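Chemist: dropping the sequence and predicted coords here.
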Amino acid sequence: MKTLTELREFSLFALLLAIISIVLATICAKGNKKNGKMPPEVAGSWPVIGHLHLLGGRNQLLHKTLGGMADEYGSIFSIRLGIHPTIVVSDWEIVKECFTANDRVFSTRPKSLALKIMGYNQTMFDFAPYGRYWRDIRKLVMVELLSNHRLELLKHVRNSETSLLMKDFYEKSSRNGGQVVVEMKQRLSDMAMNIIVRMISGKRYFSADAKGNQEAKRCQEALRHFFYLVGLNLASDAVPLFSWLDLVKGYTGKMKRTARELDCVLGSWVDEHRRIRLNRSISEEEKDFIHVMLSIMDDSNVSVDEADTTVKSSCLSLLSGGSDTTTIALIWALALLLNNRNMLKKAQFDMTESPGLTVPKATPLEVVLRPRLPSIAYEF
Ligand code: HEM
């Protein structure tokens, strides 16, 4: 009897608590709106899917649709992507504020099916939720791979990759009377990938000679599928109720297959590094990212399985974070330079005269700016 009364009291208390929470949340939301803290929301939101119907369907690119909305609602407005409230910003000063004064608010990441399945349950640190794990791994990466000291030690990787690319262009153009047509996007993408894969694992996978290499092929295929699948806008990410749609469309299955392939490749890198470390000591110059991470993991209390997962997911983070970004930046730089003869000449001159290229973080731009080839070779 006493238990029943207690249960009833508890239910009443829970109900009261729930009502108070809802009232407080409503007051806060209204307060925020009144204080002008909420950016204007685009009209036409539907229940469950929010504004998704306004973004698909139309025969124009997403950034143009959002640009049209910005014209109407201003440089900061909000939309709902299914269950996710989203802010769209198109003013550099507001963007700066998001990444400086308010970076804490924006530093977490939403969950996604692709990263759950292929990204080791969202443990890839660049997609991990804000918290201790993200802070620790990020710090480790910044110090051990992206610090000036480490970049200086690994300078030979970037130099040899840019030189190999330049040499190949030079040989091709020499054989062809000084001119050659090259698919720059593919070549720059291969170069960026080679640099990152070498810095991470010491391997070289992306080149014309690597085509016959089974391991290289497997890695390229797995990463290609990963990039494609991770870039999809999945129904279940916006509205979890729709997860059956991703299953029916076959995306879930494809992700699981890609995850297995990626894990095979990354796992073989880690196993190989573990074997080498057992047999001999590694010199400072030889230390790629996996060696560095393994030695840190060996000194910590985590299990071998956990350590391997952290190393593999961090490698995948760096591969995905450092490949497309670099390729796109190089393609844009090249396109802008080629469309501006004066700047191209100035850039060639500046690079020969200035010490700019000694700054380690600027080195990838060598491929665009280094005036090794006669200028005619850029005319494709
Ligand atoms: C031109 C090329 C690149 C561009 C435009 C670029 C852009 C960015 C941006 C905008 C962020 C901040 C993301 C955020 O906080 O939401 C970021 C973070 C980061 N980038 Fe890059 N990136 C480039 C190249 C690279 C390369 C080559 C690497 C390494 C191989 C790299 C590794 C990282 C890492 C580790 C972070 C921190 C991720 C985190 O805080 O969770 N990036 N990058």
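Modeler: Cool, the structure landed.

Chemist: quick one, longest helix in the chain?
Modeler: helix 304-338 (DSSP state H).

Chemist: what about that helix, near the ligand?
Modeler: Yes: Helix 304-338 reaches the ligand (Cβ under 6 Å from any ligand atom) through Leu318, Gly321, Gly322, Thr325, Thr326, Ala329. In this view, the C-beta of every residue, glycine as well, is placed from N, C-alpha and C.

Chemist: nearest to the ligand: which residue in this protein?
Modeler: Taking Cβ to the nearest ligand atom, the ligand has its nearest neighbour within the chain at Gly322, 2.7 Å off.

Chemist: can you list the residues of this protein near the ligand?
Modeler: Phe125, Asp126, Arg138, Val141, Ile196, Leu318, Gly321, Gly322, Thr325, Thr326, Ala329.

Chemist: who touches the closest residue to the first one other than its chain neighbours in this structure?
Modeler: Looking back up the chat, that one is Phe125. Excluding the flanking residues, the one nearest Phe125 by Cβ to Cβ, 6 or more residues apart in numbering is Ile137, at 4.0 Å. Residues near Ile137 by Cβ atoms under 8 Å, 6 or more residues apart in numbering: Phe125, Ala128, Thr310, Ser314.

Chemist: doesn't Val141 make contact with the second one?
Modeler: This points to Ala128. No: if you go by Cβ atoms under 8 Å, Ala128 and Val141 don't touch, sitting 11.9 Å apart.

Chemist: ok so, going back, ok, the contacts of Ile137 vs Arg80, which is closest?
Modeler: Ala128 (24.1 Å; Cβ to Cβ).

Chemist: ok now do that closest one, which residues does it touch?
Modeler: Counted by Cβ under 8 Å, 6+ apart, Ala128 has contacts Arg109, Gln122, Trp134, Ile137.

Chemist: kindly recompute the last result at 7 Å.
Modeler: Arg109, Gln122, Trp134 (Cβ atoms under 7 Å, 6 or more residues apart in numbering).

Chemist: so who does the second one touch?
Modeler: The contact partners of Gln122, by Cβ under 7 Å, 6+ apart, come to Lys111, Leu115, Lys116, Ala128.

Chemist: before we move on, what about the last one?
Modeler: Contacts for Trp134 were tallied using Cβ under 7 Å, 6+ apart; they are Phe125, Ala128.

Chemist: next, name the residue at the spatial heart of the chain.
Modeler: The residue lying closest to the centre of the chain (Cα atoms, centre = their mean) is Gly321, at 3.3 Å.

Chemist: Met124 is in contact with that residue, correct?
Modeler: No: contact criterion Cβ atoms under 7 Å: Gly321 and Met124 do not qualify, at 8.8 Å.

Chemist: how many residues are close by Met343?
Modeler: Met343 has 13 neighbours, counted by other Cβ atoms under 10 Å.

Chemist: with Leu223 as the reference, measure out to it.
Modeler: 33 Å (Cβ to Cβ, to the nearest Å).

Chemist: what do you get for Gly253?
Modeler: In terms of Cβ to Cβ, Gly253 sits 19 Å off from Leu223.

Chemist: okay, now the unreliable bits of the protein?
Modeler: Low-confidence segments of the chain, defined by pLDDT under 70: 1-36, 57-58, 208-212, 346-380.

Chemist: before we move on, the earlier item: so between Gly253 and Leu223, which is more surrounded?
Modeler: A direct count of neighbours by other Cβ under 10 Å for Gly253 and Leu223 places Leu223 higher, at 22 against 12.

Chemist: OK, contacts around that one?
Modeler: Contacts of Leu223 by Cβ under 7 Å, 6+ apart are Leu319.

Chemist: so the strand or helix carrying it versus helix 304-338, what angle?
Modeler: Using DSSP states H and E, Leu223 falls within helix 214-230. Relative orientation of helix 214-230 and helix 304-338, computed by axes from the mean of the first three to the mean of the last three Cα atoms, to 10 degrees: 80 degrees.

Chemist: mind listing what's buried in helix 214-230?
Modeler: With burial defined by 16 or more other Cβ atoms under 10 Å, the residues of helix 214-230 counted as buried are Ala216, Arg218, Cys219, Gln220, Ala222, Leu223, His225, Phe226, Leu229, Val230.

Chemist: same for the following helix or strand past it, what does it pack against?
Modeler: As assigned by DSSP H and E, the chain's next helix or strand after helix 214-230 is helix 235-238. Where contact means 3 or more Cβ pairs under 7 Å, 6 or more residues apart in numbering; DSSP states H and E, helix 235-238 is packed against helix 243-248.
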